[in-house]
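K.L.:
Generate coordinates for the sequence data below:
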Amino acid sequence: MRSVWAAIAAVAFAIGCVSTTTSERMVGDPTSVVHQDLLPGPPELEAVLTRGEGAIALELSRVRWCRRQVVTSLQRETVEKSRLGTGTAIVSTAMMALGIAAASAVTFFVGGGVLAAGLLQTGTTTTPLPREDTRERAERVVCRREPATRLLVQVMVAGVIHEAVSDARGRVRLSDVGAGPVSVAVDGVTVRTREEASAPKRAAAPWRKAPPEQRQLEPTTLPPPPPPPPGVRLFPE
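P.N.:
Take a look at the predicted model:
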């Protein structure tokens, strides 16, 4: 009899004490970090051009370039869930029930041992995976800027050269200049120029005809009536 139940227990273990499923899931939200590295080389001059009516304004700056890249990180983990196998649960429960019915302690304990061994292996286990980094395409951007002051600037507008000195903010303003392409140079070296759109002008309010002035009428004083002719009485006696 014992050999029969031992065979049944072996069958139960062969079926497998537990069944395991494995999946992956994301941990938290993705995080993005901006990496900005200063590129080698001296500062470069840059001029920002703004046009007006018969005038132009320049703002000169010394700029430094950086390599800018955004890195997005994602953390994932594997989730392993183990549960008691169906065959093991059925066989071990049947063995325990049969052991109680037959008053067999050996049968009962063999079934209970199989069940306990299966339950000890159930549960959920998580294992972190290596962090995944996604790098966007790097771009070259201006990362430092300071005004270029006290520089003698040559500005060519429509073939005419104008000279001016930048102020403490690196600004230059030229009046009475014509329309046309603008070229900026300092010490004979052409400066990279970027044109900004000027602020739109506000439209003038339409003319409105003023309402006619209302004059207050003054009460008219009538002259006294003329006296009655001689011999005529206005009121009878």
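
K.L.:
partners of the longest strand along the chain, with directions?
P.N.:
Ranked by number of residues, the top strand in the chain under DSSP state E is strand 55-74. Partner strands for strand 55-74, per DSSP bridges, with pairing direction: strand 31-38 (antiparallel), strand 44-52 (antiparallel), strand 132-135 (antiparallel), strand 139-147 (antiparallel), strand 171-175 (antiparallel).

K.L.:
how about those strands in a markdown table, adding mean pLDDT, mean neighbour count and distance to residue 73?
P.N.:
Every C-beta, even on glycine, is put in place using the N, C-alpha and C of the backbone. Converted to a markdown table, the strands paired with strand 55-74 look like this (pLDDT from 0 to 100; neighbours: other C-beta atoms under 10 Å; distance: least, C-beta to C-beta, whole Å):
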| stretch | mean pLDDT | mean neighbour count | distance to residue 73 |
| --- | --- | --- | --- |
| strand 31-38 | 92 | 11 | 5 |
| strand 44-52 | 91 | 17 | 33 |
| strand 132-135 | 91 | 11 | 5 |
| strand 139-147 | 92 | 12 | 20 |
| strand 171-175 | 91 | 16 | 43 |
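
K.L.:
As CSV, those strands with distance to residue 77 would be great.
P.N.:
Output for the strands paired with strand 55-74, formatted as CSV (distance: least, C-beta to C-beta, whole Å):
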stretch, distance to residue 77
strand 31-38, 16
strand 44-52, 47
strand 132-135, 12
strand 139-147, 33
strand 171-175, 57
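
K.L.:
Looking at those, which is nearest to residue 197?
P.N.:
Taking C-beta to C-beta, strand 44-52 is the member of the strands paired with strand 55-74 nearest to residue 197, at 8.2 Å.

K.L.:
May I have the closest one as CSV, with CA atoms only?
P.N.:
The C-alpha trace of strand 44-52 is given here as CSV (Å, rounded to 0.1, in the frame of the first residue of the first chain):
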residue,chain,number,x,y,z
GLU,A,44,32.1,84.0,-32.2
LEU,A,45,30.4,87.3,-33.0
GLU,A,46,26.8,87.4,-33.8
ALA,A,47,24.6,90.4,-34.8
VAL,A,48,20.8,90.5,-34.3
LEU,A,49,19.2,92.9,-36.8
THR,A,50,15.9,94.7,-36.4
ARG,A,51,14.5,97.0,-39.1
GLY,A,52,12.4,100.1,-38.6
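
K.L.:
List of residues touching that strand?
P.N.:
Contacts with strand 44-52, where a contact means C-beta atoms under 8 Å, 6 or more residues apart in numbering, come from 56-65, 142, 145, 148, 153, 182, 184, 186, 189, 191-196, 198.

K.L.:
any weak-confidence spans in this structure?
P.N.:
Regions of the chain meeting the criterion pLDDT under 70 cover residues 1-19, 82, 84-123, 198-237.

K.L.:
Residue 155: neighbour count?
P.N.:
Per other C-beta atoms under 10 Å, the neighbour tally for residue 155 reads 22.

K.L.:
Look up how far residue 63 lies from it.
P.N.:
Applying C-beta to C-beta, to the nearest Å, the value for residue 155 to residue 63 is 19 Å.

K.L.:
swap in residue 160?
P.N.:
Taking C-beta to C-beta, one finds residue 160 at 28 Å from residue 63.

K.L.:
same deal with residue 52?
P.N.:
Residue 52 is 24 Å from residue 63, by C-beta to C-beta.

K.L.:
what about residue 160 and residue 63, which has more around it?
P.N.:
residue 63 (16 against 10).

K.L.:
and that one, what does it touch?
P.N.:
Here residue 63 is in contact with 43-46, 142, 144-145 (C-beta under 8 Å, 6+ apart).
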